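Q: model the structure of this input:
(one chain, ligands or ions: 1)
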Amino acid sequence: MLSNSLIELDRAHLIHPVSSYRSHEATGVRVLKSGKGATLTDAAGRQLLDGFAGLWCVNAGYGQDSIVEAALRQLRELPYATGYFGLGSDPAIRLAARLAELAPGHLNHVYFTLGGSDAVDSTIRFIRYYYHAKGTPQRDQFISVGSGYHGSSTAGAGLTALPAFHAGFGVPYNWQHKIPSHYAYRNPAGPNPQAIIAASVAALRAKIAELGAERVAAFYAEPIQGSGGVLVPPRPG
Ligand SMILES: Cc1ncc(COP(=O)(O)O)c(C=O)c1O
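A: Residues are numbered from 1 along each chain as shown. Presented below is the predicted three-dimensional model:
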């Protein structure tokens, strides 16, 4: 199929997330055709260095034969196995065990999800259910950090602290609270890293005191804020 017709089919039928619809309609889609290592090739034959690694998820690079072969083997043997109703499958069990081996400390149980937003929503469900089971269901308030990104599902977008994910979508919910980002540029605490850290800690303590410590269920923070601008936190002194 000619890429011109692909562009027209895209305009007519495909909804692109995190895009400006008007400018996408005017410019048309850039069709990616293939990938090898960190290089993508588009439909016009132009090569692109994929510094973004897909959406920060193609960590192994494109076109790794061992991954292609493992996927093909599994597709032939058993392409789908639910984990519901006590059922399981060899790869899921082994991957969970391997992840537990790699994860630090007591992080020994794995729950597979469809992606990051679904993972964040699952943590909210687990945390709320945990406090419900412990007899403290009033522990239902969640705190996250300004400029943070925790997904674009409804509950995750409410923890996300980027205005474009909120305006018109009815989030954040009233149980989702924010403290300011540690971003050093024009930080009200000034440029000094220790002052920024002290201000972040003070803001978190103040938010917990405002909500009541017995109401706070969880605090969400990215080690490095990603979609908010790749904001590296200040280094402790
Ligand atoms: C910290 C964080 N949480 C959640 C997500 C959402 O992941 P997904 O795009 O797989 O839904 C992302 C995606 O970049 C992320 O960086």
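
Q: where does this structure get nearest to the ligand, residue-wise?
A: Nearest residue of the chain to the ligand: G116, at 2.0 Å (C-beta to the nearest ligand atom). Where you see a C-beta, it was placed from the backbone N, CA and C, and this is true even at glycine.

Q: wait, that residue touches G151, no?
A: Yes - counting by C-beta atoms under 8 Å, G116 does reach G151; the two are 5.4 Å apart.

Q: L40 in helix, strand or coil?
A: At L40 the chain is in strand, as set by DSSP: H, G, I helix; E, B strand; the rest coil.

Q: list the contacts for it?
A: 32, 34, 47-48, 50, 62 (C-beta atoms under 8 Å, 6 or more residues apart in numbering).

Q: same thing with T41?
A: T41 sits next to 32-35, 47-48 when contact means C-beta under 8 Å, 6+ apart.

Q: what's the distance between the closest residue to T41 other than its chain neighbours and Y149?
A: In space, and not counting its chain neighbours, T41 is closest to S34: 5.0 Å by C-beta to C-beta, 6 or more residues apart in numbering. Distance, S34 to Y149, by C-beta to C-beta, to the nearest Å: 29 Å.

Q: what does S20 give?
A: 18 Å.

Q: all strands of the chain, in order?
A: Here the chain has its strands, by DSSP state E, at 32-36, 39-42, 47-49, 141-145, 176-179, 216-220.

Q: quick revisit: S20 and Y149: which is more packed in?
A: Between S20 and Y149, Y149 has the larger neighbour count (other C-beta atoms under 10 Å), namely 23 against 10.
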